[in-house]
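**Student:** compute the structure for the input listed below.
(one chain, ligands or ions: 1)
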Amino acid sequence: MTSRPMTLGVDLGGTGIKLGLVDAQGKLGPTTRFATPKGDPRAVVDLIANHALALIGGKSKRIKAIGIGAAGDIDPEKGIIRISPNLGWRNVPFKTLLTKKLPYPIVLDNDANAAAWGAYVVEAKKKIPNLLCVMLGTGVGGGIIINGRLYKGATGTAGEIGHMTLYPEGIPCACGNQGCLERYIGAKDLAKAVRREIESGQTTLMTEMVHGNLEALTPLIMTQAARKGDALARRLYEEAGERLGIGLASVVNFMNPDWIVLAGGISRAGSLILNPVRRTLLKRSFPTPAKAVKLFISKKDQDLGILGAGLLAHDF
Ligand SMILES: [Zn+2]
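**Tutor:** Just a heads-up that it's a prediction; the model follows:
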């Protein structure tokens, strides 16, 4: 038996929480996942602590630290979740709360920052110096690697591509702005768009697929409908991909990344989303960086957040 050091990676999202043991090379051990309880952060802290202890079990001596990637604007230095629209939290001293429950050093960062570090270590094998990782889930997050280092910016906020303004007079966003990219491609926003179309008389296979319960619409159902040829699902993915492509075209000109890695629930739509993104990128950014950038969907997908959080904790 080896006794190589491990960390516990935690991916804390608006819809679900995932935990897993991670070694220094980014190999994932046992994992567990559960739904995010709504409301009080203390309930979330208790639940994470209980699942963490169960997962660590007899390996407690091998655990070096705990890494948490959380959805929202994070203060990594103080371990505070400053604003998280998807968790509905403001100024939560998450690290302090969790430290009271778990006897390990705790590293807290934004979930997309963690995912970007995961993509850099596991998928790029630390050989691709400049990359952007975009997490397409309940929200839309971004993490930036520049010259092989996670770029956090002045206050740890860097990479919030989901809150880039696409439409100055657009849909209001929980961040306080309006017309943010996330409001047009977030999982719940896509479901809302489907409902709006159905209410205005559009017919779609999706109505039958959720047995008339439109609250049950998910990106997975939309993907299945699109693959069956449903015109509405296909059009909505086309529009969502174009909007993401508009945002990414600006990023390509601005940052000139080697890679753009997409991950998260919406990325599982595969070519339905990738094709319009790629087409829009080529149309709207400078030709040289647009042709140079490798745009693809992460093979680690669901595990990228846990892996990245665990790997950040290895560097603690
Ligand atoms: Zn916003």
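
**Student:** residue closest to the middle of this protein?
**Tutor:** M135 (3.1 Å; C-alpha atoms, centre = their mean).

**Student:** dump the residue contacts of G9.
**Tutor:** Neighbour list for G9: 19-22, 67, 69, 114, 305-311, 313 [criterion: C-beta atoms under 8 Å, 6 or more residues apart in numbering]. Any C-beta I mention is one placed from the backbone N, CA and C, and that applies to glycine too.

**Student:** the ion contacts on the stretch 51-200 of the chain?
**Tutor:** Taking C-beta under 5 Å from the ion, the part of the stretch 51-200 of the chain that reaches the ion is made up of H163, C173, C175, N177, C180.

**Student:** show me the residues you listed that map onto strands.
**Tutor:** Using DSSP state E, no member of these falls in strands.

**Student:** and the contacts of G9, which is closest to the ion?
**Tutor:** Proximity of the contacts of G9 to the ion (C-beta to the ion) peaks at G69, which lies at 19.2 Å.

**Student:** check the spacing between the closest one and M206 real quick.
**Tutor:** 31 Å (C-beta to C-beta, to the nearest Å).

**Student:** in three-state terms, how would the closest residue in space to P5 that isn't next to it in sequence be classified?
**Tutor:** Nearest-residue entry for P5: K64, 4.6 Å, with adjacent residues in sequence omitted and distances by C-beta to C-beta, 6 or more residues apart in numbering. For K64, the assignment made with DSSP: H, G, I helix; E, B strand; the rest coil gives strand.

**Student:** ok, K64 - contacts?
**Tutor:** Neighbour list for K64: P5, M6, T7, Y104, P105, A313, H314, F316 [criterion: C-beta under 8 Å, 6+ apart].

**Student:** the third one should be in a strand, yeah?
**Tutor:** Yes - the assignment for T7 is a strand, going by three-state DSSP.

**Student:** what's around the residue of the stretch 1-150 of the chain at minimum distance from the ion, how many residues?
**Tutor:** The nearest approach of the stretch 1-150 of the chain to the ion comes at P85, 7.2 Å away (C-beta to the ion). For P85, the neighbour count with other C-beta atoms under 10 Å is 22.

**Student:** got it, and K100?
**Tutor:** Neighbours of K100 (other C-beta under 10 Å): 9.

**Student:** any idea how far T7 is from it?
**Tutor:** 19 Å.

**Student:** burial count for T32?
**Tutor:** 13.

**Student:** ok, back up a step: neighbour-wise, which of G69 and M206 wins?
**Tutor:** The neighbour comparison of G69 against M206 (other C-beta under 10 Å) goes to G69, with 34 against 27.

**Student:** re earlier: show me what contacts the residue nearest to the centre of the chain?
**Tutor:** D111, A112, A115, G141, G142, G143, A263, G264, L304, G305.
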